[in-house]
Structure formats: structure tokens, C-alpha cells
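Asks: After the sequence you'll find the predicted model.
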Amino acid sequence: MTIDKDRISGAGNQMAGSVKETAGKLVGDDKLATDGKTQKVEGKIQSAVGKAKDDVRDVIKP
């Protein structure tokens, strides 16, 4: 089974976003925290797109 690259990239974005969000909260940088939260959400969306691609590939695969 092949995992779509969007799932891998999405997981990385979620992780990086979590780190940024936490760092921003720790140092009181609201912009960094917001940017991190945004990146985390983008990563979740990217992972969902990758999962959908995998699902379609599994259905059409003979």
C-alpha cells in the first residue's frame, strides 16, 4: 500500500504548527501562536486530501 505524499506533508505541517503554536504561547508572541495554529489546520486539511486520494486509489485499483 502506498501512502500519498500529502498525508506525509500534512503530518509534518501539523507537527510544525503545534511547535510554533506552543512556542508562541510560551513567549507571548500572539502572531507566532496564530501562525502555528493556522499551519496545524492546513496540515490537517492536507492529510485529509491525501487520505481521500489513497481511498480513491484503493477503490480503483484492480
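Replies: Thanks, I have the structure now. Numbering: from 1, shown residues only.
Asks: can you give me the helices for this protein?
Replies: All helices of the chain, identified by DSSP state H, fall at 5-27, 30-60.
Asks: And for the shortest one, what's in contact with it?
Replies: Counting contacts by CB atoms under 8 Å, 6 or more residues apart in numbering, the residues outside helix 5-27 that touch it are 29-51, 53-54. Glycine gets a C-beta too; all of them are placed from N, C-alpha and C.
Asks: again, only this time at 7 Å
Replies: The contact list for helix 5-27, computed with CB atoms under 7 Å, 6 or more residues apart in numbering, reads 30, 32-33, 35-37, 39-40, 42-44, 46-47, 49-51, 53-54.
Asks: could you flag which of these are buried?
Replies: For the contacts of helix 5-27, a neighbour count by 16 or more other CB atoms under 10 Å gives the buried set as Leu32, Ala33, Gly36, Lys37, Gln39, Lys40, Gly43, Gln46, Ser47, Gly50, Lys53, Asp54.
Asks: Contact partners for the second one?
Replies: The contact partners of Ala33, by CB under 7 Å, 6+ apart, come to Glu21, Gly24, Lys25.
Asks: out of these, which are buried?
Replies: Burial by neighbour count, judged by 16+ other CB under 10 Å, picks out Glu21, Gly24 from the contacts of Ala33.
Asks: what mean pLDDT does stretch 44-52 have?
Replies: For stretch 44-52, mean pLDDT rounds to 96.
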